[in-house]
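S.K.: how would this look folded up:
(2 chains)
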2 protein chains.
Amino acid sequence: MMIPGPTNVPDRILQAMAKPMINHRGQEFHKLYDRLVENMRYLFQTKGDVYALTSSGTGGVEAIIANVVERGEKIIVPVNGDFSHRIAGNVEYFGGVPVVLEVEWGKAPTAALIEEAVQKERDAKVLFVIYNETSTGTLTKEMREIAEVARKYDRLLVVDAISNLGGDLLPMDEWGVDIVVGGSQKCLACPPGLALVACGQRAWDFVKPRKAGSNYWDFHKYKSFDARKETPFTPAVNLYFALDEALLMLREEGLENRIARHARMSGAFYAAVEALGLELFADPSCRSNTVVAVKNPSGVNVGKMRQVMEEKYDVIITGGMGAVRDTTFRIGSMGIVSPFEVRETVEALEYGLEAVGYKFNAGAGLEAAERALS
Amino acid sequence: MMIPGPTNVPDRILQAMAKPMINHRGQEFHKLYDRLVENMRYLFQTKGDVYALTSSGTGGVEAIIANVVERGEKIIVPVNGDFSHRIAGNVEYFGGVPVVLEVEWGKAPTAALIEEAVQKERDAKVLFVIYNETSTGTLTKEMREIAEVARKYDRLLVVDAISNLGGDLLPMDEWGVDIVVGGSQKCLACPPGLALVACGQRAWDFVKPRKAGSNYWDFHKYKSFDARKETPFTPAVNLYFALDEALLMLREEGLENRIARHARMSGAFYAAVEALGLELFADPSCRSNTVVAVKNPSGVNVGKMRQVMEEKYDVIITGGMGAVRDTTFRIGSMGIVSPFEVRETVEALEYGLEAVGYKFNAGAGLEAAERALS
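M.R.: A predicted model of the protein is given here:
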């Protein structure tokens, strides 16, 4: 499984998940809740409030929008791929007005772009910026500078880090990011079904009680249950067990080491893909450390290639999304990804490319990957 | 674990849940999706559309409201406990106007009450009725007659069967129920984290595309992905594995047998509790088959009693909720509950009652339970 999440899940996490049920209003759960809060704060690098919502990542994005968007209010949303496009759509669902900053797909929004928009849209109090565009393999490299813009103009900065939380640096308190959403099934290598949300202190100035056009997503409900070390609604208890173990593994490895590992593994993929003469989709200035997006080589049946990779090597990568659905393919490089997975995937990729008649120097990808890894 | 959900989860289900991750856009998932649809249709007794939403049951309730409520629209909601009270509150979140029919807690809404309201509130097109009030252990016995009222006056009937789907009869097509929501962690003995929703054919006349004030809950999104045998957003794949196994177990047992077992086990609890001289909270006319609600005997520290039961017998029951939080306690009798759990729980209850100085004939509860079981 080398798709951009869900990732392969380590056995330790699967076994932790399969523990017998506990009472979600009892002491054992309270201890679990305490540990989750402590370790999620480590993950987000925040002293703020952290919640694990029972939902997919998209649910987490919607939860934030439900809490920060008022009807008719403008929200600045740079769009450089399918997921940021969806954020803008989601703002509309809640009656907000997305101010879309179109960015060429494959490039990332810059601090200058955001600053210009902030100066122009004086009544847009919220910025919702994607940190890693999963659909295009693009990292918003200037996130720290974007946070500086948010602070300078006193705007709320929301960051969608679903596909790179734990795989890229995002010290939210230090940088001054207000709300962050991440997913369980990405760099944490945990099963899907939990959206992780962190709310910094300033966020609560925007998130008013009962402002949310939703009960399930209402952050004030979560905040009010925080003192009891419980969630307002029955959580996915077994996924909490899994998250607990995944965060323990993160602490054992260390956040910095995990981030470095993600950069190293994706670096090996980039080296391999280029050595095979394939073209990367993302601009060199903003390549993702967790998702490797590749342009489909012309005259090659990429669907067939992926099928061969799966059937012969049991390696699953994925296609494109949205506007680049039929012109790109993507390799997920996240979670417990190690040199083993890189080698297996590159080997399978070479085999698949050969099977569909793509011309390249056999072994060049693997060699480049090895060089990058060593 | 004898709380009204989550229940104890059979090892078979826990092990199924811990299987390695699969691609939620791949063939293996498509096969899983097919089986889930077939078996959920069996559970709901419908030919309609069925979805497993990644959320708690409350999320499922919210999803339905998001899809059927328009701003300013009236929704008839009988309220006889904390969960039906929450439904009314949830309608307000989405800008709807709940027409609350107050029913004495411990009693159930009747078809006559609903018919009267329907005649009076001609512009209320939707009825949202709870089938089993978890907070008070009350079953809406006249659900079939309520469905007849809905059909007679051409109203949409939504049923919250979260805590008794699979434990009470609810053949939605035969009775003419339009939308039903159930939970994974109740009578199916599956872990929490999935809300099961069924939409009958007529439901789609009410649920218009993009009407939902939500992206995550938009049933049309789910419907549009149905043909691909996928979900619009990454589901909790491992919980899908668990649900798959739980539904397989349901089919092995048979829905009718499972319902009969729930009635038999709760019957034994009722017999035991009454033999101990305790008073039941629900009226005899509408006692739940899945949740046994008991009035706290006067002069007895029920919190202490529950603590003793947990510490000495490892049996966990729970307290009251909402307006009866401090005056009732509850025993969950759902999922894989068998004579073994009934005996263990009644034994623990007797022990706990004795420990806090409640006077009763020792062994009377167990004897009554045995008689009811045999």
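S.K.: for the rest of this, base every contact and every neighbour count on C-alpha atoms.
M.R.: Will do.
S.K.: which ones are touching the closest residue to chain B within the stretch 51-200 of chain A?
M.R.: Residue nearest to chain B within the stretch 51-200 of chain A (CA to the nearest CA): A:Gly193, separated by 4.2 Å. Under the criterion of CA atoms under 8 Å, 6 or more residues apart in numbering or on different chains, the contact list for A:Gly193 reads A:54-57, A:184-185, A:236, A:239, B:54, B:193, B:234-237.
S.K.: if we ignore the residues flanking it in sequence, what's nearest A:Phe128?
M.R.: A:Val158 (4.7 Å; CA to CA, 6 or more residues apart in numbering or on different chains).
S.K.: output the helix or strand the one you found falls within as CSV, nothing but the C-alphas.
M.R.: Taking DSSP states H and E as the definition, A:Val158 sits inside strand A:156-160. This file holds the C-alpha atoms of strand A:156-160, laid out as CSV (Å, rounded to 0.1, in the frame of the first residue of the first chain):
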residue,chain,number,x,y,z
LEU,A,156,-7.2,33.7,11.8
LEU,A,157,-4.9,31.1,10.1
VAL,A,158,-6.3,27.7,9.6
VAL,A,159,-4.0,25.0,8.1
ASP,A,160,-5.1,21.8,6.5
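S.K.: mind checking the pLDDT average for the host helix or strand of A:Leu32?
M.R.: Per DSSP H and E, A:Leu32 falls inside helix A:27-44. Across helix A:27-44, pLDDT averages out at 98.
S.K.: just stretch A:140-148 next, same as before
M.R.: 98.
S.K.: chain center to it, what's the gap?
M.R.: 16 Å (CA atoms, centre = their mean, to the nearest Å).
S.K.: ditto for stretch A:59-74
M.R.: Centre-to-centre, stretch A:59-74 and its host chain are 19 Å apart (CA atoms, centre = their mean).
S.K.: buried set for that stretch?
M.R.: A:59-70, A:73-74 (16 or more other CA atoms under 10 Å in any protein chain shown).
S.K.: I'd say A:Thr110 and A:Ile146 touch.
M.R.: Yes. Here A:Thr110 reaches A:Ile146: they are 7.2 Å apart, a contact under CA atoms under 8 Å.
S.K.: okay, those two: which has more neighbours?
M.R.: It is A:Ile146, of A:Thr110 and A:Ile146, that has more neighbours when counted by other CA atoms under 10 Å in any protein chain shown, with 25 against 16.
S.K.: excluding its backbone neighbours, what's nearest that one?
M.R.: A:Ala111 (4.6 Å).
S.K.: can you tell me how far that neighbour sits from A:Glu142?
M.R.: A:Ala111 is 6 Å from A:Glu142, where distance means CA to CA, to the nearest Å.
S.K.: next, A:Lys356: phi, psi?
M.R.: Let me fix one detail, which is that residue A:356 is Val and not Lys. phi -100, psi 10 (degrees, to the nearest 10).
S.K.: and it, how many residues sit next to it?
M.R.: 17.
S.K.: now do the one 4 residues further on
M.R.: Using other CA under 10 Å, A:Phe360 has 15 neighbouring residues.
S.K.: for chain B, what are the nearby residues on the stretch 201-350 of chain A?
M.R.: Within the stretch 201-350 of chain A, the positions near chain B by CA under 8 Å from any CA of the partner chain are A:Ala212, A:Gly213, A:Ser214, A:Asn215, A:Tyr216, A:Phe233, A:Thr234, A:Pro235, A:Ala236, A:Val237, A:Asn238, A:Ile316.
S.K.: mind redoing it with 10 Å?
M.R.: A:210-218, A:232-239, A:316-318 (CA under 10 Å from any CA of the partner chain).
S.K.: which one's the longest helix in chain A?
M.R.: What stands out as the longest helix in chain A, according to DSSP state H, is helix A:255-275.
S.K.: which residue comes closest to the residue most central in space within chain A once chain neighbours are left out?
M.R.: Nearest to the geometric centre of chain A sits A:Ser163, at 1.5 Å (CA atoms, centre = their mean). Excluding the flanking residues, the one nearest A:Ser163 by CA to CA, 6+ apart is A:Lys186, at 5.6 Å.
S.K.: quick check, that neighbour in a strand?
M.R.: No. Counting by DSSP: H, G, I helix; E, B strand; the rest coil, A:Lys186 is not part of a strand but coil.
S.K.: and it, what is it in contact with?
M.R.: For A:Lys186, the contacting residues are A:3-9, A:162-167, A:192, A:290, A:332-336, by CA atoms under 10 Å, 6 or more residues apart in numbering or on different chains.
S.K.: ok, A:Val37 next?
M.R.: Residues near A:Val37 by CA under 10 Å, 6+ apart: A:Leu43, A:Lys47, A:Gly48, A:Asp49, A:Val50, A:Tyr51, A:Ala52, A:Asp226, A:Lys229, A:Asp244.
S.K.: which parts of chain A are strands?
M.R.: With DSSP state E as the criterion, chain A has strands at A:49-54, A:74-79, A:97-102, A:126-130, A:132-133, A:138-139, A:156-160, A:179-183, A:194-199, A:291-295, A:318-319, A:328-332.
S.K.: quick one, which of those strands is nearest to B:Asn39?
M.R.: strand A:49-54 (23.5 Å; CA to CA).
S.K.: and the closest one with strand B:194-199, angle?
M.R.: In terms of direction (axes from the mean of the first three to the mean of the last three CA atoms, to 10 degrees), strand A:49-54 departs from strand B:194-199 by 50 degrees.
S.K.: just the angle between strand A:49-54 and strand A:179-183, please?
M.R.: Angle of strand A:49-54 versus strand A:179-183, following the same axes, to 10 degrees, is 40 degrees.
S.K.: so for strand A:49-54, mean pLDDT?
M.R.: For strand A:49-54, mean pLDDT rounds to 98.
S.K.: before we move on, what about stretch A:184-199?
M.R.: 97.
S.K.: quick one: end-to-end length of it, please.
M.R.: Its start and end residues considered, stretch A:184-199 measures 17 Å (CA to CA).
S.K.: re earlier: may I see the buried residues of the helix holding A:Leu32?
M.R.: Under 16+ other CA under 10 Å, the buried positions of helix A:27-44 are A:Phe29, A:His30, A:Leu32, A:Tyr33, A:Leu36, A:Val37, A:Asn39, A:Met40, A:Arg41, A:Tyr42, A:Leu43, A:Phe44.
S.K.: contacts only, for the first one.
M.R.: The contact partners of A:Phe29, by CA under 10 Å, 6+ apart, come to A:Ile22, A:Asn23, A:Arg35, A:Lys229, A:Glu230, A:Val237, A:Tyr240, A:Phe241.
S.K.: which of the buried residues of helix A:27-44 lies closest to chain B?
M.R.: Checking the buried residues of helix A:27-44 against chain B with CA to the nearest CA, the nearest one is A:Phe29 at 12.7 Å.
S.K.: re the thing from before, give me the neighbour count for the residue nearest to A:Ile146.
M.R.: By other CA under 10 Å, 20 other residues sit near A:Ala111.
S.K.: try A:Pro284
M.R.: A:Pro284 has 11 neighbours, counted by other CA under 10 Å.
S.K.: in contact with it, which residues?
M.R.: A:Gly106, A:Lys107, A:Thr138.
S.K.: can you list the domain ranges for chain A.
M.R.: In terms of domains, chain A is parsed into A:11-253, A:255-373 (source: automatic domain parsing).
S.K.: go ahead and confirm the residue nearest to A:Phe128 touches A:Arg202.
M.R.: No. The pair A:Val158 and A:Arg202 fails to qualify as a contact (CA atoms under 10 Å) at a distance of 11.3 Å.
S.K.: of those two, who's got more company?
M.R.: Set A:Val158 next to A:Arg202 and count neighbours by other CA under 10 Å: A:Val158 wins out with 27 against 16.
S.K.: test of understanding: give the bridge partners of that one.
M.R.: Beta bridges link A:Val158 to A:Phe128, A:Ile179 when assigned by DSSP bridges.
S.K.: now do the one 10 residues further on
M.R.: On the basis of DSSP bridges, A:Asp168 takes part in beta bridges with A:Leu165.
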